[in-house]
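**Q** Turn this into a model:
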Amino acid sequence: MLSDEPRSGDIWRHANGIEYLVVGYTNARGHGQDLGSSHPVTVLYCGPGQRLWTRPMSDWARSFTYVGRASLWRRIQALAAFRTLL
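**A** Predicted coordinates:
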């Protein structure tokens, strides 16, 4: 896949060299559908140490490069990190 739009389960490399796993979206009605200018779609992603981050979808491609799909184990680890926040 060569795309500027991340999908849940994708791994992307930041300009700093660190790889991140995309967990999902916030402020979205479906895959990437914006709720409006006051609530832009953001990408929720997981980095080293299971730390969670968000970035506006509109700013994603500026500093991320697509790497590939994550293994099932890596996706499970990211979801476990997300669950600890609930």
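
**Q** The longest strand seen in the chain pairs with which strands, parallel or anti?
**A** The strand spanning the most residues in the chain, taking DSSP state E as the definition, is strand 19-26. Sheet pairing of strand 19-26 (DSSP bridges) gives strand 10-14 (antiparallel), strand 42-46 (antiparallel).

**Q** Let me know the pLDDT of the residue nearest to the spatial centre of the chain.
**A** Centroid-nearest residue in the chain, with Cα atoms, centre = their mean: residue 22, separated by 2.8 Å. Residue 22 is assigned a predicted lDDT (pLDDT) of 92.

**Q** Run through the helices of this structure in chain order.
**A** Ranges of helices within the chain are 72-83, based on DSSP state H.

**Q** what about it, any weak spots by pLDDT?
**A** 1-3, 29-37, 78, 81-86 (pLDDT under 70).

**Q** The closest residue to residue 65 other than its chain neighbours - how many residues pack around it?
**A** Nearest non-adjacent residue to residue 65, counting by Cβ to Cβ, 6 or more residues apart in numbering: residue 13, 5.0 Å away. Using the backbone N, CA and C atoms, a C-beta is placed for each residue, glycine as well. If you count neighbours by other Cβ atoms under 10 Å, residue 13 ends up with 15.

**Q** ok, now residue 58?
**A** Neighbour tally, residue 58, other Cβ under 10 Å: 11.
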